[in-house]
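# Sequence first, predicted model second:
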Amino acid sequence: MNDPTLIGPCAGYEHDLVELNDGALAPERASRVRLHVEHCARCRAWAGEFAALDARLAAELPRPQLSPAFDAQLRHRLASLSRPAVRGDQRAALQREHDSLIDALQRGARRRAVLGAVGSAASTLCALVAARSLLAQNAVLLAWVPEGPERWILLGAIGVAVAIGGLAWSTARTGMPVLGLGMAR
Amino acid sequence: MAMDAGIEQHLAAGRHARAFDLVVPAYKGRVFRLAYSILKERAAAEDATQETFVRIWKALPGFDGRAALGTWIYAITRNTCLMELRRRRPTVSFDDPDSTEAQHAAASIASGPAQDPEGDNLLRLVATLPRNQQEAVRLFYLEDRSYETVAEQLGMPLGTVKNLLHRARKRLMELACPDEVKAA
């Protein structure tokens, strides 16, 4: 069959014959077409050839099915899609934990620095008291120190220098950035 | 469709997960058959079906009901398949769909249909049709000869689908061996 087109008076029946074969023709029109086919050898032959092709297509075209694992695979994919949010949550939790750890370390370092400063002050005070009593017992040692308020200013300056030294030592040990010391740590 | 009404009720109430649980069993078969009719490979069609439902899952909260649910789902399916085709052959235009495949198939048939099994030969003939006719033919027989289903899935008017199928099958009658057809 080189050209399967129905020609002549039967040309208008081609679409009807196809829809009749497919079961898509309205009942009234289907009756009229069937009546025509009974009396028309050309249309009967055309409809027969079309039905044969239709049957072959229906039988031979592949009819694939979804694999049984489809639903499980889809669920797995959807679950994996929600993982980025979970990973984000985990990252946020780790960040919070890290921040609280840094905060605790800073609090601890601050506490040690304060204790160190208090200790330095106490040591200084003790040293001043001891120096005062030693000087009182050995007046000759005070011969070079001027009398009056200057004596106390001098002794106070020595005490302050000792306290600052103690505080610097404490700060350097704890790494606290107090007075600009220990910043490099 | 009654199932769609149930799904849309869940969507209207914001129960997207429940709606999706109903969408998958209701549509997975038809989405797969549509994907197969476009991609022509079972594994690729199944992958496209997975991808389609992932997209539906993401987009379902934004479904506004202006289009029918099925129309919306089939449009996503077609887009997914077209993206897959584009990914495979980025330099081939869809305006010239039957160029390579048709030439390969025609050359194969010309080289000797007697060497091929009969059924394989018919499938090769189908492969010579323009892409839109191939899709319509494959889908029509996968969907048990329902013009309406094919029209809905391909997003075409019913008359267009009837014309595509008519031209495709006439072309196959023309190409098929006349002796075999007459003998049937």
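Now that the structure is in, tell me what you want to look at.

# Can you confirm whether the longest helix along chain B lies near chain A?
When chain B is parsed with DSSP state H, its longest helix is helix B:16-39. Yes: applying Cβ under 8 Å from any Cβ of the partner chain, one finds helix B:16-39 in contact with chain A at B:24, B:28, B:29, B:32, B:36. Using the backbone N, CA and C atoms, a C-beta is placed for each residue, glycine as well.

# Present these as CSV; the columns should include pLDDT and neighbour count.
CSV is the format used below for those (pLDDT from 0 to 100; neighbours: other Cβ atoms under 10 Å in any protein chain shown):
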residue, pLDDT, neighbour count
B:24, 95, 17
B:28, 96, 19
B:29, 96, 14
B:32, 97, 24
B:36, 97, 26
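
# what about the helices in chain B?
B:2-12, B:16-39, B:42-59, B:69-88, B:99-110, B:118-127, B:131-142, B:147-154, B:158-175, B:178-183.

# most packed of those helices?
helix B:131-142 (a mean of 23; mean count of other Cβ atoms under 10 Å in any protein chain shown).

# tally of neighbours for residue A:160?
11 (other Cβ atoms under 10 Å in any protein chain shown).

# distance of it from residue A:121?
10 Å (Cβ to Cβ, to the nearest Å).

# ditto for residue A:50
Taking Cβ to Cβ, one finds residue A:50 at 110 Å from residue A:121.

# ok, now residue A:49?
According to Cβ to Cβ, residue A:49 and residue A:121 sit 114 Å apart.

# the more surrounded of the two?
residue A:49 (19 against 15).

# Check what pLDDT that one gets.
pLDDT, residue A:49: 93.

# Likewise for residue A:156?
Looking at residue A:156, the pLDDT reads 81.

# likewise residue A:21?
For residue A:21, pLDDT reads 94.

# Would you mind listing what in chain B touches chain A?
B:24, B:28-29, B:32, B:36, B:42, B:45-46, B:49-50, B:53-54, B:57-58, B:119, B:122-123, B:126, B:137-138, B:141-142, B:145, B:147, B:162, B:165-166, B:169-170, B:172-174, B:176, B:178, B:181-182, B:184.

# what about the helices in chain A?
Using DSSP H, helices in chain A cover A:14-22, A:27-39, A:41-60, A:70-137, A:149-174.

# Which one, of the ones you listed, ends up nearest to residue B:18?
In terms of Cβ to Cβ, the element of the helices of chain A nearest to residue B:18 is helix A:70-137, at 14.3 Å.

# So is that closest one next to chain B?
Yes: judged by Cβ under 8 Å from any Cβ, helix A:70-137 comes into contact with chain B at A:70, A:71, A:73, A:74, A:77, A:78, A:81.

# If any of those residues are buried, put those into a ChimeraX selection.
In ChimeraX syntax, the buried subset of the residues of helix A:70-137 next to chain B is picked out as below (16 or more other Cβ atoms under 10 Å in any protein chain shown):
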select /A:70,74,78
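
# farthest-separated two in the residues of helix A:70-137 next to chain B?
Longest span within the residues of helix A:70-137 next to chain B, Cβ to Cβ: A:70 and A:81, 16.6 Å.

# pLDDT at the closest residue to residue B:142 other than its chain neighbours, what is it?
Of all residues not flanking residue B:142 in the chain, residue B:33 sits nearest, at 4.4 Å (Cβ to Cβ, 6 or more residues apart in numbering or on different chains). With respect to pLDDT, residue B:33 scores 97.

# I'd assumed residue B:143 was in contact with residue B:33.
Yes: the pair residue B:33 and residue B:143 qualifies as a contact (Cβ atoms under 8 Å) at a distance of 6.5 Å.

# Find residues that contact each of the two.
With contacts defined as Cβ atoms under 8 Å, 6 or more residues apart in numbering or on different chains, the residues shared by residue B:33 and residue B:143 are residue B:153.

# picking up where we left off before, how far away is the residue nearest to residue B:142 from residue A:160?
92 Å.

# again with residue B:87
79 Å.

# residue ranges with poor pLDDT in the chain?
Defaulting to chain A. A:1-3, A:7-8, A:83-93, A:139, A:141-142, A:144-145, A:173-185 (pLDDT under 70).

# that's the wrong chain, I meant chain B
Using pLDDT under 70, chain B drops low at B:1-3, B:90-120, B:177-184.

# ok so, going back, mind putting the helices of chain A in TSV, distance to residue B:62 included?
Formatted as TSV, the helices of chain A follow (distance: least, Cβ to Cβ, whole Å):
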stretch	distance to residue B:62
helix A:14-22	38
helix A:27-39	44
helix A:41-60	39
helix A:70-137	16
helix A:149-174	57
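
# Of those helices, which stretch is the most buried?
By mean count of other Cβ under 10 Å, these have helix A:14-22 as the most buried, with a mean of 19.
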